[in-house]
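Student: below are the sequence and a predicted model for it; my questions follow.
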Amino acid sequence: MLTNPEHANSADLLIIGGGVMGCATALFALQLDPTLRVRVLEPDPTYARASSALSAGSIRQQFSTPLNVQMSQFGLAYVAQPETLLAVPGEPPPTTGFIEGGYLFLATAAGMPVLEANHAVQRAQDAPVALLSPAQLQQRFAWLNVEGLAGASLGLGGEGWFDGYMYTRALRAKAQSLGAVFTTDRVVALEHEAGCIRHAVTHGGERMAAAAFVNAAGPWARSVAAMAGIELPVFARRRTVFALRCASTIGHTPLVIDTSGLWFRSEGHSGSQFIAGWGPNEEDDADDLPLEPELQAFEAHVWPTLAARVPAFEALRVEHAWAGYYEFNPIDHNALLGLHPACGNLYFINGFSGHGLQHAAAAGRGLAELIVHGAYRSLDLSPLTVARLVDGRRYIERNVI
Ligand SMILES: Cc1cc2nc3c(=O)[nH]c(=O)nc-3n(C[C@H](O)[C@H](O)[C@H](O)COP(=O)(O)OP(=O)(O)OC[C@H]3O[C@@H](n4cnc5c(N)ncnc54)[C@H](O)[C@@H]3O)c2cc1C
């Protein structure tokens, strides 16, 4: 078991980063072992730049890999029933504002084989998904232009959206209620010897010992890994989200993924408010761009594509926009979890590439099992091991939005 008796300024488990991953890891570690001394170092309790607060906050079962479907299925309960699973005695019941709105993946004829292959993966995991023909699509979604489409995949349950900031705060409050101590500080160095981290040195001048450390620094995980001499291919890639108002009320839309890669979905209940975003081409997708929304892209690319797919979107205005960082793993677009062969006590929970919020509960529980028991006990997350960076294995997710 994890114990670090060294001195008072120490912990059994020291988590670097208090976004959704750090909070989930702290919570599940303490549920597995309530005696653990868990500290979380987070420099910004307002989460102004954290991905968890700037996320589009959506959850889907429509992935291409079985494990990602299973991780969403586990996470759904935490997102949809926080008042039960994240309740803190004596506090008002937490909420995440979950709306079960569904996802709709559109496909051209060229995209149908991939859509059908993904559908088979999802059905094998009992995901409630249906393939629709263009005629069925048109009948169901009168606002959609089905020209050029050969079909689509619709989530019939267990998919939707929620508030990432509120979810993170609920996980954090639950972890604190179980004994996790959050400190407002930033790790600036990791002291290591003999293949293990001994101390984390903070901006505030503390030198903290721990038996185990967790890199939960989201888009900044690469810099934390570098402090341990490890090269981690996780890059901060800017993603802009536009909040839109349509002149006409078209009603509820699921989260629609267009064949162009652009996505949009209803926001709120008015039927005339939406959010939308897209993934830039690789050559435009530089690392560490300033966290300012890419406003010029709306006129140039986003609006014409939206209006081509939904004619009512010809009359649309941007009410506001924001940008956040995907913590992007360009190698296989999937999480990097667990221990790296180069370090015996630094655990990774990084690289989710735009689908981390919905997977935080499953990843946090899995990492906690690895730390406390030395092995996964529930869902086997070993295909996501960070060690695959060294041995060359890949676990490719094709449904990256
Ligand atoms: C625009 C956008 C849309 C998204 N949409 C979705 C979606 O629909 N569904 C979904 O599941 N996911 C989505 N994601 C991805 C999801 O938000 C992330 O995968 C998830 O929030 C990552 O959580 P995290 O805790 O790793 O990172 P963060 O929330 O960024 O937290 C990392 C924390 O580490 C702290 N930190 C950094 N460096 C240090 C240091 N040296 N010492 C101590 N602390 C440090 C930071 O202050 C930060 O608070 C989206 C992301 C973006 C940007």
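Tutor: Looks like it arrived, so ask away.
Student: residue of the stretch 301-401 of the chain closest to the ligand, please.
Tutor: Closest contact between the stretch 301-401 of the chain and the ligand, by C-beta to the nearest ligand atom, is at G356 (2.1 Å). C-beta: built from backbone N, CA, C; applies to glycine.
Student: so that residue makes contact with A335?
Tutor: Yes: look at G356 against A335 with C-beta atoms under 8 Å: they come within range, at 7.2 Å.
Student: about what we covered before: let me see the contact set for the residue of the stretch 301-401 of the chain closest to the ligand.
Tutor: By C-beta atoms under 8 Å, 6 or more residues apart in numbering, the residues touching G356 are 20-21, 51-52, 218, 327, 335, 363.
Student: those residues: which two are farthest apart?
Tutor: Across these, the longest distance by C-beta to C-beta is 14.6 Å; it joins S52 and A335.
Student: please, where are all the helices along the stretch 151-300 of the chain?
Tutor: Taking DSSP state H, counting those that start in this stretch as the criterion, the stretch 151-300 of the chain carries its helices at 164-177, 221-227, 296-297.
Student: format those as TSV; extra columns: mean pLDDT, distance to the ligand and mean neighbour count.
Tutor: Formatted as TSV, those follow (pLDDT from 0 to 100; distance: least, C-beta to the nearest ligand atom, whole Å; neighbours: other C-beta atoms under 10 Å):
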stretch	mean pLDDT	distance to the ligand	mean neighbour count
helix 164-177	98	6	24
helix 221-227	98	5	21
helix 296-297	94	13	13
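Student: who wins for proximity to G151 among the ones you listed?
Tutor: helix 296-297 (28.2 Å).
Student: neighbours around T108, how many?
Tutor: 13 (other C-beta atoms under 10 Å).
Student: near the ligand, which residues of the stretch 151-300 of the chain show up?
Tutor: The stretch 151-300 of the chain comes close to the ligand at residues 164, 186-187, 216-220, 224, 239, 241, as judged by C-beta under 6 Å from any ligand atom.
Student: and G351, backbone torsions?
Tutor: phi 80, psi 30 (degrees, to the nearest 10).
Student: got the contact list for P290?
Tutor: Counting by C-beta under 8 Å, 6+ apart, P290 touches R238.
Student: still on that earlier bit, which of the residues of the stretch 151-300 of the chain next to the ligand sits closest to the ligand?
Tutor: For those, the nearest to the ligand is G218 (2.3 Å; C-beta to the nearest ligand atom).
Student: and the pLDDT for that closest one?
Tutor: On pLDDT, G218 comes in at 98.
Student: straight-line length of stretch 106-119, end to end?
Tutor: End-to-end distance of stretch 106-119 (C-alpha to C-alpha, to the nearest Å): 13 Å.
Student: what sits up against it?
Tutor: 62-64, 105, 129, 131, 148-153, 256-259, 309, 398-399.
Student: centroid-nearest residue for the chain?
Tutor: Geometric centre of the chain, nearest residue: G356, 1.6 Å, by C-alpha atoms, centre = their mean.
Student: what's that residue sitting at in phi/psi?
Tutor: phi -80, psi -30.
Student: who's more crowded, S52 and A335?
Tutor: A335 (33 against 26).
Student: so what's the more buried one up against?
Tutor: Contacts of A335 (C-beta under 8 Å, 6+ apart): 329, 349-353, 356, 359, 363, 381, 384.
Student: among those, who's most crowded?
Tutor: Neighbour tally across the contacts of A335 (other C-beta under 10 Å): the maximum, 33 neighbours, falls on I349.
Student: assumed P89 was part of a helix.
Tutor: No: read with DSSP: H, G, I helix; E, B strand; the rest coil, P89 is coil and lies in no helix.
Student: assign M21 to helix, strand or coil.
Tutor: helix.
Student: show me the contacts for the residue lying closest to it once chain neighbours are set aside.
Tutor: Spatially, and ignoring its direct neighbours in sequence, M21 is nearest to A216 (4.2 Å; C-beta to C-beta, 6 or more residues apart in numbering). Contacts for A216 (C-beta under 8 Å, 6+ apart) come out as 15-19, 21-22, 25, 349-350.
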